[in-house]
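**Q** make a model of this:
(chains A, B, C and D)
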Protein chains: 2
Amino acid sequence: MADDFNTYIKRNINLNDEDIQLMHSMALEKKAHRREMLLQPGDVCRHKMFILSGMVRLYRTREDGSEHIMHFATENEWMTEPESLNHGTPTAYYIEALEDTELLLWTKRDFTQLSIAIPQLKTYSENIIAKNLAMTRERVFNTMSATVEERYDDFIRDYPDVFNRIPLHMVASYLGVSLKTLTRVRQAQVKR
Amino acid sequence: MADDFNTYIKRNINLNDEDIQLMHSMALEKKAHRREMLLQPGDVCRHKMFILSGMVRLYRTREDGSEHIMHFATENEWMTEPESLNHGTPTAYYIEALEDTELLLWTKRDFTQLSIAIPQLKTYSENIIAKNLAMTRERVFNTMSATVEERYDDFIRDYPDVFNRIPLHMVASYLGVSLKTLTRVRQAQVKR
DNA sequence: TTAAAACGGGGACAAATGTCCTCTTTTAGC
DNA sequence: GCTAAAAGAGGACATTTGTCCCCGTTTTAA
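**A** Next comes the predicted model:
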């Protein structure tokens, strides 16, 4: 597992072994079992998380209990709730492990420390946020302008690995439609 | 106008006069008339822009010509298309001046230079992106879970100044509904 | 191993929304 | 100031989508 992290970091930020070692040494390793909550509304998000194995989702609920999924993250991806992390304010989100998951955690403080020692890290984390913003804008655009079927097909094309590991009602929740609507789309496709 | 920028910067990043002077000296001043395009699909976005006066919108179109607005920015706000700016790739977006608008522009290169001379600037710009991400996620959540009327009321509450300066069809475009639907919501409210 | 929960398809119906059209008023720009 | 364009309301109709059921199968967790 630790090797996966090293490989990932080398490939994406191009750090030397010492820097990777330093990063790793400041991380907290955590194992979360399926359905474990890593963050809940009212909590303050304290960590940036790197996923070694498994899968998590970021979602919110309405007062009526309906769930709306904002983001999935799998192996070799990052997850945090930047709003809460940056300002130390209570979050509105849940982060839940969808499978048994292994993580590396850094507190904001430690990550800031690391960014001073390893300047590339700052640029790298800014790029991750910018990428997330571009993705989320893309999603807003698609939600506004594309049909449910197009968005469904896009989801399968863009996140095949996620698609194969989650139940359909979560796909519906991510797409922002009811399970019924998704079922209809799927049936229409079967009949072709 | 220049004074507005100084005031804004002092209030938000707390730079000293020399640093502000340095920032300003590396900026390009630009005036755009109403309806002028500052960025079009296929262009590479070359600048971070600060709006001294006026207003711009960021939007995309579908093949059928329909417009979908991602973001508005007014006086003392920033605008750019980070995806294109960061990677030097062609953008899919338009940026259009909705009023006669005065801007300060920095190239990516110059802004990077500035960030080295003024380290707070790096943190500040990361915060702006993070804030944009949080806003956009909030918007996805609202689009998925709130009624059109709720989203309309939210828009007026959150962006009263924008609301009062744009035509209703742009409100509809931002909310992701047809003008017809927005008209219905407004009529229902009048009748109460 | 087994009981409970989760999953997901489908019917019936109602509500929400879009498209296409017309019509009037307001606004922008020469 | 004048003229063309933009703005926006509204009717008629079709389509999409949601909700509330029910049902059978599969998966999960104690």
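**Q** what about the helix ranked longest in chain A, distance to the chain center?
**A** Scanning chain A for the helix with the most residues, using DSSP state H, yields helix A:119-145. In terms of C-alpha atoms, centre = their mean, to the nearest Å, the centre of helix A:119-145 is found 12 Å from the chain centre.
**Q** likewise for stretch A:66-78?
**A** For stretch A:66-78, the separation from the chain centroid amounts to 4 Å (computed by C-alpha atoms, centre = their mean).
**Q** does that stretch reach chain B?
**A** Yes: judged by C-beta under 8 Å from any C-beta of the partner chain, stretch A:66-78 comes into contact with chain B at A:S66, A:H68, A:M70. C-betas here are computed from N, CA, C, even on glycine.
**Q** using neighbour counts, trim the residues you listed to the buried set.
**A** The neighbour-count criterion (16 or more other C-beta atoms under 10 Å in any protein chain shown) marks A:H68, A:M70 among the residues of stretch A:66-78 next to chain B as buried.
**Q** for the residues of stretch A:66-78 next to chain B, which one is nearest A:F50?
**A** Nearest to A:F50 among these is A:M70, at 18.5 Å by C-beta to C-beta.
**Q** from A:G88, how far out is that closest one?
**A** A:M70 sits 21 Å away from A:G88, going by C-beta to C-beta, to the nearest Å.
**Q** circling back: after the longest helix of chain A comes which helix or strand?
**A** Downstream of helix A:119-145, the first helix or strand assigned by DSSP states H and E is helix A:148-158.
**Q** what is the orientation angle of that following helix with helix A:119-145?
**A** 150 degrees (axes from the mean of the first three to the mean of the last three C-alpha atoms, to 10 degrees).
**Q** give me the buried positions along helix A:148-158.
**A** Neighbour-count burial for helix A:148-158 [16+ other C-beta under 10 Å]: A:V148, A:R151, A:Y152, A:F155.
**Q** grab the nearest non-local neighbour of the residue in chain A that DNA strand D sits nearest to.
**A** Among all residues of chain A, A:T181 sits closest to DNA strand D, at 3.0 Å; criterion: C-beta to the nearest atom of the strand. Leaving aside its sequence neighbours, A:T181 sits nearest to A:V148 (C-beta to C-beta, 6 or more residues apart in numbering or on different chains; 5.8 Å).
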